[in-house]
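S.K.: here is a sequence together with a model predicted from it:
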Amino acid sequence: MATATKEKSEYREAWEESQRRAATVLPAWAARRRAAAFETFERLGFPTTDQEDWKYTNVAPIARSPFAAPRGRSLTAGEAGAVAQSLYAEAGRSRLVFVNGYLSASLSSLGALPAGVVVSSLWDALCGGRAEMLRERVGSAAAADADGFAALNAAHLGEGAFVYLPEGVRLEAPLHLSFVAGDEDAPLVNPRVVLVAERDSSATIIESYEASRDSAYFTNAVVEVFVGDGARLTHYKVQRESEQAYHVATTAAEIGRGGVYDLTTITLGARLSRHGVSVRMAREGAECWVDGLYLVGAGQHADTHSAIDHVAPRCTSHQIYKGILDGDARAVFNGKVFVHPGAQATDAQQTNKNLLLSPDARVDTKPQLEIFADDVKCSHGATVGQLDEEELFYLKSRGLHDELARNLLTYGFAEELIEKIKIESIKRQLDEAILNRLHARLEA
Amino acid sequence: MLEIRNLHAKIDGKEILRGIDLSVKAGEVHAIMGPNGSGKSTLAKVVAGHPSYEVTAGEVIYDGKNLLALDPDERARDGIFLAFQYPVEVPGVSNAQFLRLAYNERRKHLGEEELDPLEFKDLLAERAKIVEMDAGLMSRSVNEGFSGGEKKRNEILQMAVLEPRLAVLDETDSGLDIDALRVVSAGVNRLRRPDNAILLVTHYQRLLNYIVPDFVHVLYKGRIVRSGGKELALELEEKGYDWLRDEAKRSEQSAVTV
């Protein structure tokens, strides 16, 4: 197709520019992989709505827009402002800030870390002593040829962060990886985060995305998480991109024996967002929580596709996704749970609940269970509803204005997930997002 | 305080109230009695402004204002309170948070200063004693997982916090054991004042042993068929509601004869 060729050539220009720089600095294998991934990207192109996995999410606007590779440069006041907003007090001395995908040393702050812990840009890790580990890990949880987006990200290998926790180490403070889109015109940002938590280590990671202004850009992120045997990783993903931006992200996790991975995703921003989550439990006794809240309004589209693989016996997965949709917002939830042959004593629960605040909002939800073992406990379900009229009358009969009553009920709908969040400033941010967005006046 | 004149109301196309006349003055307690399906609860909900009920004729004047023109929340801020027969569960919204918002809405309306969470906590703890309510319930979601008795107590606690001018208690005695009934009634009696009024909707006379009304009205098929003093309730207790049906039948027959 002529149009497809044109789209790709625009991405080629951006890639070639980035590749010229990468080839001189990164190890040869990394440069080669980038080149191979770009070829894959050109071969696959962006997905279309003909593909089952993309049936309800049309990414043609991304393909049409001429997103360009960001140029390395200093930060504007606007960007600094966005960063200031995004900082979580709990991670005051343990944060890396990335502007358009590249580490900003001046905005980052790292206090003393336990021996052996590595928190750095992926670029530095690739150039430094961690290259061999990365050679093995990169692309092993999230395949570079999964689709055009994964390939495009892999073709830009080097943006993003690397976190390594040695055996038995426990990080006290949460570690914040903040991705800020700068105000350069329409940048294409391809962050990749590689998190390796060795045996019995534990940490909390906050991964956040925000914008310095309401501009159009494209974040195409891939996060690979390796939770070792007995390790515990708590992971928050807070997506507050500009409402003109596109955000496509993959979070792919592998959990070792008895390891625990607890992911909470919060989706507030972007014109179009797609989050693909996959968790693979191939060792006995692994446990995961994969929860999310998407809160979208007029002109926004939020898609979540999750796949939980129970490969080994005695693994547990818990999944609660809740959506609040206003205006003509669209949401998609597709949750797959696979229980592989031999994965006995699997416990898998999945729920998706949606609250439509407007008659123009729409959600397409599809929970799926595929079970190939006989001794399992699995449940799944999905609901789509509106605010309950009797509850609304009850609140109003106590003197609450209509708007306040609606906001309070909306808050009540989300409360289960808000309460789960253990980081106060994220919770507060979410409180505000729910209540401000709906113009409430609920004080703390 | 409250003047109801020739009130007609329907729900789902079915006429339930068929010409109610009732006058309630400050300081008075009125009991509305009657068999199931006579329209007692409908009357309570129409006064509170439930959106499912449509008023087809008549008027309700509250403190000189046309009550029917007001939204339910405006009525509440103006001092009308409905204790629900079936209090609604509101998941995810804590009792304390909800009550403080409601309390502050009323305060603002009265031109008084709002209370912050700490100040309100003290007030709530003090009012909770009136209905012997466990303070631990205040941090839980509104009515969620409450027993029937706890829900009813919670209604009266809300009344104690909001200090309404006109309280409508819809079958507050239903589902209460004798101890809970005593606590709830004592709570209501403590909230009786010369400047407020109470409308008690009840099926049984039992409640009226605890909350003694000034007037008793018997509602049947959407009309008040008899009014009297508290002794009328005793008469109903003795005779039941069957005589109403007989009387209605007789009047229908005589209408046919005529």
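M.R.: Looks like it arrived, so ask away. Numbering: from 1, shown residues only, chains lettered A, B, ... in the order given.

S.K.: from here on, contacts and neighbour counts on C-alpha atoms
M.R.: Will do.

S.K.: sec struct for A:Leu295, please.
M.R.: strand (DSSP: H, G, I helix; E, B strand; the rest coil).

S.K.: and it, how far from A:Gly116?
M.R.: Using C-alpha to C-alpha, to the nearest Å, we find A:Leu295 at a distance of 39 Å from A:Gly116.

S.K.: so what strands line up beside the helix or strand harbouring A:Lys377?
M.R.: Using DSSP states H and E, A:Lys377 sits within strand A:376-385. Strand A:376-385 has these partner strands in its sheet, going by DSSP bridges: strand A:346-356 (parallel).

S.K.: alpha carbons of the strand it pairs with, as PDB, please.
M.R.: Extracted in PDB, the C-alpha atoms of strand A:346-356 (Å, rounded to 0.1, in the frame of the first residue of the first chain):
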ATOM      1  CA  THR A 346      -4.300 -22.500  40.000                       C
ATOM      2  CA  ASP A 347      -6.300 -19.700  41.500                       C
ATOM      3  CA  ALA A 348      -7.200 -17.000  39.000                       C
ATOM      4  CA  GLN A 349      -9.700 -14.200  39.600                       C
ATOM      5  CA  GLN A 350     -10.500 -11.500  37.100                       C
ATOM      6  CA  THR A 351     -13.100  -8.700  37.300                       C
ATOM      7  CA  ASN A 352     -13.700  -5.700  35.000                       C
ATOM      8  CA  LYS A 353     -16.300  -3.200  36.100                       C
ATOM      9  CA  ASN A 354     -17.200  -0.100  34.200                       C
ATOM     10  CA  LEU A 355     -19.200   3.000  35.200                       C
ATOM     11  CA  LEU A 356     -20.600   5.100  32.300                       C
END
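
S.K.: residue contacts, residue 134?
M.R.: Let's take chain A. Contact analysis of A:Leu134 by C-alpha atoms under 8 Å, 6 or more residues apart in numbering or on different chains lists A:125-126.

S.K.: the chain in question should be chain B.
M.R.: For B:Asp134, the contact set (C-alpha under 8 Å, 6+ apart) comprises B:Ala128.

S.K.: what pLDDT does it get?
M.R.: Looking at B:Asp134, its pLDDT reads 85.

S.K.: repeat that for the one 10 residues further on.
M.R.: The score at B:Glu144 is 94. That number is its pLDDT.

S.K.: show me the domain layout of chain A.
M.R.: Domains of chain A are assigned by automatic domain parsing as A:2-283, A:388-444.

S.K.: returning to what we had before: just the buried residues of the strand holding A:Lys377, please?
M.R.: A:376, A:378, A:380, A:382, A:384 (16 or more other C-alpha atoms under 10 Å in any protein chain shown).

S.K.: and stretch A:208-218, by the same measure?
M.R.: Neighbour-count burial for stretch A:208-218 [16+ other C-alpha under 10 Å]: A:208-213, A:215-218.

S.K.: just send the residues you listed back as a markdown table, with secondary structure, pLDDT and distance to B:Arg182 too.
M.R.: Shown next, in a markdown table, are the buried residues of stretch A:208-218 (DSSP: H, G, I helix; E, B strand; the rest coil; pLDDT from 0 to 100; distance: C-alpha to C-alpha, whole Å):
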| residue | secondary structure | pLDDT | distance to B:Arg182 |
| --- | --- | --- | --- |
| A:Ser208 | strand | 96 | 56 |
| A:Tyr209 | strand | 95 | 58 |
| A:Glu210 | strand | 91 | 58 |
| A:Ala211 | strand | 87 | 60 |
| A:Ser212 | coil | 78 | 62 |
| A:Arg213 | coil | 76 | 62 |
| A:Ser215 | coil | 85 | 64 |
| A:Ala216 | coil | 89 | 65 |
| A:Tyr217 | coil | 92 | 66 |
| A:Phe218 | strand | 94 | 66 |
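
S.K.: can you pull out the helices in chain B?
M.R.: B:40-48, B:72-77, B:95-109, B:117-130, B:148-162, B:178-190, B:206-210, B:231-239, B:242-257 (DSSP state H).

S.K.: elements contacting the fourth one?
M.R.: Read it as helix B:117-130. helix B:95-109, helix B:148-162, helix B:178-190 (3 or more C-alpha pairs under 8 Å, 6 or more residues apart in numbering or on different chains; DSSP states H and E).

S.K.: got a pLDDT number for A:Gly299?
M.R.: 94.

S.K.: wait, what's in contact with the residue nearest to it when sequence neighbours are not counted?
M.R.: With sequence-adjacent residues excluded and distances taken as C-alpha to C-alpha, 6 or more residues apart in numbering or on different chains, A:Gly299 is closest to A:Ala329, at 5.8 Å. A:Ala329 is in contact with A:296-301, A:360-362, counting by C-alpha under 8 Å, 6+ apart.

S.K.: and the residues you listed, which of them are buried?
M.R.: A:296-301, A:361-362.

S.K.: how many neighbours does the residue of chain B found nearest chain A have?
M.R.: Per C-alpha to the nearest C-alpha, B:Gly92 is where chain B lies closest to chain A, at 3.7 Å. Neighbourhood size, B:Gly92 [other C-alpha atoms under 10 Å in any protein chain shown]: 22.

S.K.: re the thing from before, helix or strand next in line after the strand holding A:Lys377, which one?
M.R.: The helix or strand immediately downstream of strand A:376-385 is helix A:389-396, counting by DSSP H and E.
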